[in-house]
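# With the input below, show me the fold.
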Amino acid sequence: MQQRFKNKTVVVTGAGAGIGNAISIAFAQEGANVAIISRNEERLQTLKQQIEGYGVKALVLPLDVSDASEVEKAAEKTEQELGPIDIWVNNAMVSVFSPIKKMLPEDYKRVTDVTYLGVVYGTLAALKRMLPRDNGVIIQVGSALAYRGIPLQSAYCAAKHAIQGFQDSLLAELHHDKSNVKTCMVQLSAHNTPQFDWSKSRMPKRAQPVPPIYQPEVAADAVLWAASHPRREYIVGFPAWKAIWGNKFFPGIADRVLGRNGYESQQTEEPQNPEQENNLYRSVDRNVSAHGRFDNRAKKRSIFFQLLKYF
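Residues are numbered from 1 along each chain as shown. Here you go, the predicted structure:
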């Protein structure tokens, strides 16, 4: 069977768990050598073994994407050890589940530094190498929340909105320069990842993705498709499409619906442990991979995306 990305060099941020973990494995299965970035070196070493099991190379790069100099060093080391970077996937994120009235200024700064500026720094490092070669693909892992903010996730929604604005500017400039470097934003629905077990939370009950929920491999499949068929944007899952287009035409109705249902839909019936360790400022030492605790509720495929990707 032909491998789509044989001998390509791919960088994935936020690779230690969740969607980044699934993306890294998916690229390895398709023949790519993968540089994996995360704060947790132990989880990266475990992922490295999985990747190398597919007969390709993996490079462990433990760092915080909010540090621009570390991201630049990671890009340099990747090219030294794996070769020219063909694909860069900006996926790293952190979030806080909290009403705005209970948020702290430092919460907003930290989420912005990682979720938004981490994308900017990754993009700059990729462009520095791709533009002179006039070749390469940059994938921004986005969300329906880039278009439609929801309650209890104001910092994350704002960061995804910022990525969308940055991406629009980047697209226009690449067109102006007639560059062959491509970039695409993949807007996701809710996925079953460990995010909901270690994000900082001030909610009374445990966090959950807004149903319906998809497995992280659905997002990984979309990212690989975008890397081989780059275009302006892909929307993954009908819930994301509904949120994006519903907000375009009926934003006031969305405000009221989310005000009525948005709190309960993001919480289970289980009480939240106020002492739960969170990953806002440092990695949580926990043995996790791509999936969260919602395997019994998560869909393994998005038929909607499989159809929409051709249009």
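# Identify the residues contacting the residue found closest to Ser265 once you drop the neighbours it is linked to in the chain.
Among residues not flanking Ser265 along the chain, Val210 sits closest, at 4.9 Å (CB to CB, 6 or more residues apart in numbering). Bear in mind the C-beta positions are built from the backbone N, C-alpha and C, glycine included. Val210 sits next to Ile150, Ala190, Pro239, Ser265, Gln266 when contact means CB atoms under 8 Å, 6 or more residues apart in numbering.
# now for those residues, which pair is the farthest apart?
Across these, no pair lies farther apart than Pro239 and Gln266, at 13.3 Å, counting by CB to CB.
# mind listing the helices in this protein by residue range?
18-29, 41-52, 68-81, 105-111, 117-133, 154-176, 195-198, 216-228, 238-249, 251-261, 303-308 (DSSP state H).
# among those helices, which is the most enclosed?
helix 18-29 (a mean of 27; mean count of other CB atoms under 10 Å).
# Quick one, grab the pLDDT at the nearest residue to Arg202 once chain neighbours are set aside.
Using CB to CB, 6+ apart and skipping the chain neighbours, the partner closest in space to Arg202 is Ser98 (4.0 Å). What the model reports as pLDDT for Ser98 is 97.
# Please tell me how far Ser98 sits from Ser199.
Per CB to CB, to the nearest Å, Ser98 is found 10 Å from Ser199.
# Check Leu308 too.
29 Å.
# mind listing what the residue nearest to Phe304 when sequence neighbours are not counted touches?
Leaving aside its chain neighbours, Phe304 sits nearest to Phe238 (4.2 Å; criterion: CB to CB, 6+ apart). Shown in contact with Phe238 (CB under 8 Å, 6+ apart): Ser189, Ser302, Phe304.
# and the residues you listed as TSV, adding pLDDT?
Compiled in TSV, the contacts of Phe238 are given as follows (pLDDT from 0 to 100):
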residue	pLDDT
Ser189	97
Ser302	94
Phe304	89
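# Please convert those residues to JSON lines, extending it with distance to Met203.
Formatted as JSON lines, those follow (distance: CB to CB, whole Å):
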{"residue": "Ser189", "distance to Met203": "21"}
{"residue": "Ser302", "distance to Met203": "27"}
{"residue": "Phe304", "distance to Met203": "29"}
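# what's the closest of the residues you listed to Leu258?
Ser189 (15.5 Å).
# Near the nearest residue to the closest one once chain neighbours are set aside, how many residues? Count them for me, please.
Spatial nearest neighbour of Ser189, chain neighbours left out: Gly237 (3.2 Å); criterion: CB to CB, 6+ apart. For Gly237, the tally of surrounding residues (other CB atoms under 10 Å) stands at 26.
# Quick check, pLDDT for Gly237.
pLDDT at Gly237 comes out at 94.
# Same check on Val288?
Looking at Val288, its pLDDT reads 83.
# and it, how many neighbours?
Neighbours of Val288 (other CB under 10 Å): 19.
# pretty sure it contacts Asn40?
No. Judged on CB atoms under 8 Å, Val288 makes no contact with Asn40 at a distance of 9.4 Å.
# beta partners of the nearest residue to Gln276 once chain neighbours are set aside?
Distances taken as CB to CB, 6+ apart place Ser201 nearest to Gln276, at 7.2 Å, with adjacent residues excluded. On the basis of DSSP bridges, Ser201 is bridged to Phe97.
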